[in-house]
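Novice: Okay, structure incoming, though there's no sequence with it:
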């Protein structure tokens with residue numbers, strides 16, 4: 001897998017390509033997202049952006065305010081993508097990702113390979129390498145730009 005050259009906005013494990021036009025965007029149906037952030041405003045903004053991008057395809061968007069809540073959701077539900085804040089109380093995004101990637105396959109049978117996208121203000125070279133090393137699949141810098149969210153989501157869901 002190849003990571004793009006670092007920039008101030010994001011990294012991704014797939015070669016970059018232009019995001020599809022809104023008329024050609026087709027996300028597979030019946031998707032379930034888990035949004036994890038301790039800031040309710042950030043959760044609401046991300047939820048709204050995702051809602052405008054994939055209105056007819058997302059069946060559920062669950063929100064957790066910390067890593068412990070995210071793990072509880074994952075024990076009960078299967079998700080297609082996790083959007084993970086890094087700086088959170090109780091259990092941060094890096095620690096949560098490590099736990100997701102190492103939990104028993106019996107507990108997280110459907111979530112072992114789930115794509116995890118870091119959503120963070122910490123977007124340095126070192127930070128991106130850490131996110132990759134712990135098993136995150138991509139990174140979106142805050143504030144999240146809608147066209148980058150759309151591009152990352154399109155690549156991950158196809």
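Specialist: Sure, I can see it. Please read these numbers as outputs of a predicted model, since none were measured by experiment.

Novice: Could you use CA atoms for every contact and neighbour count after this?
Specialist: Will do.

Novice: Report the secondary structure element holding the residue lying closest to residue 146 once chain neighbours are set aside.
Specialist: Excluding its sequence neighbours, the residue lying closest to residue 146 (CA to CA, 6 or more residues apart in numbering) is residue 49, at 6.7 Å. Residue 49 is part of helix 40-53, with elements assigned from DSSP states H and E.

Novice: May I see the buried residues of that helix?
Specialist: Judged by neighbour count using 16 or more other CA atoms under 10 Å, the buried positions of helix 40-53 are 42, 43, 46, 47, 49, 50, 53.

Novice: what's the next helix or strand after that helix packed up against?
Specialist: Reading on from helix 40-53 to the C-terminus, the next helix or strand found by DSSP H and E is strand 58-64. Packing contacts for strand 58-64, counted by 3 or more CA pairs under 8 Å, 6 or more residues apart in numbering; DSSP states H and E, involve strand 31-36, helix 40-53, helix 67-76.

Novice: Strand 58-64 pairs with which strands, parallel or anti?
Specialist: Here strand 58-64 has these sheet partners by DSSP bridges: strand 31-36 (parallel).

Novice: Next, the angle from the partner strand to helix 67-76.
Specialist: Going by axes from the mean of the first three to the mean of the last three CA atoms, to 10 degrees, strand 31-36 is angled at 160 degrees with respect to helix 67-76.
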